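*Asks:* fold the following for me, if possible:
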Amino acid sequence: MKILRAALAGCAVVLAVPGSASGAVSTGGTPAPIRYVAVSDCAKDPRNAAWCGSWWYRTTGGERHPLPGVGRWEGAVAVSGDGRRLAYVRAKDARLVIRDLGGGTRVSKARAWPSGIELDGTRVTMSYDGSLVAVSCCWAGNTMSPARVYDAGTGALLGKVPDVAVRDDVVSFSGDGDQILARSYDEQPGRLRVHDLDGRRTAEVVPPRLVGENGATAALDAAGRTVAVYATGRRPAIALYDLETREVTATIPVPASGQKVGRDPVEKRLMEVDTDVRLDWTGGSTLRMIRKLGFKRTRVQVYAIDTGTGTVRQERGYAVDGTVHEAVSGL
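*Replies:* Model prediction:
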């Protein structure tokens, strides 16, 4: 579902720049989609990493292309699930830029973040279908800087989500894109809040520990009722939580990552080391899980999960060498 608010369309200026999103072209004339966007690592020390140069992206065809102008910080860029659209905060003026590989660029009228003080703390998030982009920012305790939600097709500002701090909170879109899920680590760790695209809060719960502790991976389904999380540990699983009944309705085992499992000194619980997971609802009962493993040499595993039958199938896997940060499409 795509939501377009005419009343808010004036909040941004759309700058059409045909052909500005270059990329490798397949036999049929369509650019090959992006597999991942990354920043290279210049440090030879296997225990450390050092930012080297600007962002770049690699296509599913193996070609590498530069991505100049992106802010030099983690979380400054996001890519859609089909790898054909990306969004980033532009370093020179902090405006949001949305690019299509097939051609066309939209630039927000105003800065995506009003203050330059904490610009390096901004994070860009894109919905699975690439129709929406969220920009959130700043440190824990910052209650004056609401996350901003944009229409990726026009660059228009749709609304703002209050009380979201990028270092402690997570923002994601529901399966159909008409709701926003925020996970908060305030006085009640793991609190889940649901907002509409105008930023109005429609639901708020403090889930059980299994869900709350793993809320960084939370994904809301299209119906706005079921939240899926990746439960880390020696026996990882997908846990499903019903926002209305406030019950865990299912746990679906997934293959072990192969990573070392140890007690995290900050979280104070057993977790898989160097493991980053993103979940997206791709249908009424289907999930896509992207699991990034390792440090310096990152392995990416992409799974399709049917929550109705409990079927888990690995679709692909590949390695990303010599990078500091990556934004993965899932292709």
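
*Asks:* just the CA coordinates for stretch 224-242, please, in CSV.
*Replies:* This file holds the C-alpha atoms of stretch 224-242, laid out as CSV (Å, rounded to 0.1, in the frame of the first residue of the first chain):
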residue,chain,number,x,y,z
GLY,A,224,-0.5,-4.0,12.6
ARG,A,225,-1.0,-6.7,15.2
THR,A,226,1.9,-9.2,15.1
VAL,A,227,5.5,-8.3,16.0
ALA,A,228,8.3,-10.7,15.0
VAL,A,229,11.7,-10.6,16.7
TYR,A,230,14.9,-12.6,16.4
ALA,A,231,15.6,-14.2,19.7
THR,A,232,19.4,-14.5,19.9
GLY,A,233,21.3,-17.3,21.7
ARG,A,234,22.6,-20.8,21.3
ARG,A,235,19.2,-21.9,19.8
PRO,A,236,18.0,-18.8,17.9
ALA,A,237,14.4,-18.5,16.9
ILE,A,238,11.8,-16.1,15.6
ALA,A,239,9.3,-15.1,18.3
LEU,A,240,5.8,-13.8,17.3
TYR,A,241,4.0,-11.5,19.7
ASP,A,242,0.4,-10.4,19.5
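
*Asks:* in that stretch, what's buried?
*Replies:* The neighbour-count check on stretch 224-242 (16 or more other Cβ atoms under 10 Å) flags 224, 226-232, 236-241 as buried. C-beta: built from backbone N, CA, C; applies to glycine.

*Asks:* closest one to G159 out of those, please.
*Replies:* When these are ranked by distance to G159 (Cβ to Cβ), G224 comes first, at 16.1 Å.

*Asks:* quick one on the thing from earlier: with secondary structure added, can I get the buried residues of stretch 224-242 in a markdown table?
*Replies:* As requested, these are arranged in a markdown table below (DSSP: H, G, I helix; E, B strand; the rest coil):
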| residue | secondary structure |
| --- | --- |
| G224 | coil |
| T226 | strand |
| V227 | strand |
| A228 | strand |
| V229 | strand |
| Y230 | strand |
| A231 | strand |
| T232 | coil |
| P236 | coil |
| A237 | strand |
| I238 | strand |
| A239 | strand |
| L240 | strand |
| Y241 | strand |
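
*Asks:* closest to D264 out of those?
*Replies:* Set against D264, the nearest of those by Cβ to Cβ is T232 (9.2 Å).

*Asks:* tell me the confidence at that closest one?
*Replies:* Each residue has a pLDDT score; the one for T232 is 96.

*Asks:* hmm, D274 and it touching each other?
*Replies:* No. Contact between T232 and D274 fails when scored by Cβ atoms under 8 Å: they sit 11.6 Å apart.

*Asks:* what sits against the residue nearest to R183 when sequence neighbours are not counted?
*Replies:* Using Cβ to Cβ, 6 or more residues apart in numbering and skipping the chain neighbours, the partner closest in space to R183 is G215 (3.9 Å). Going by Cβ atoms under 8 Å, 6 or more residues apart in numbering, G215 touches V170, R183, G190, L192, P207, V229.

*Asks:* next one: D274
*Replies:* Q259, L293, G294, F295.

*Asks:* for the third one, which non-adjacent residue is closest in space?
*Replies:* Which is G294. Across the structure, with Cβ to Cβ, 6+ apart as the measure, the residue nearest G294 apart from its sequence neighbours is D274 (5.4 Å).

*Asks:* any figure for the gap between that neighbour and A78?
*Replies:* Distance, D274 to A78, by Cβ to Cβ, to the nearest Å: 21 Å.

*Asks:* cool, and D242?
*Replies:* Relative to A78, D242 is positioned 28 Å away (criterion: Cβ to Cβ).

*Asks:* for G294, same thing?
*Replies:* Plainly put, G294 is 21 Å away from A78 if you go by Cβ to Cβ.

*Asks:* E272 now?
*Replies:* 23 Å.

*Asks:* tell me who's in contact with the residue nearest to the spatial centre of the chain.
*Replies:* The centre of the chain sits closest to T125, judged by Cα atoms, centre = their mean, with a distance of 4.4 Å. T125 makes contacts with A78, V133, A134, V135, S136, V171, S172, F173, as judged by Cβ under 8 Å, 6+ apart.

*Asks:* verify the stated contact: the fifth one with V149.
*Replies:* Translated: S136. No. Shown here, S136 and V149 do not form a contact pair, counting by Cβ under 8 Å, at 9.7 Å.

*Asks:* now the common contact residues for the two.
*Replies:* Counting by Cβ under 8 Å, 6+ apart, the residues touching both S136 and V149 are V161.

*Asks:* for the residue nearest to the centre of the chain, helix, strand, or coil?
*Replies:* Quick answer, by three-state DSSP: T125 is strand.
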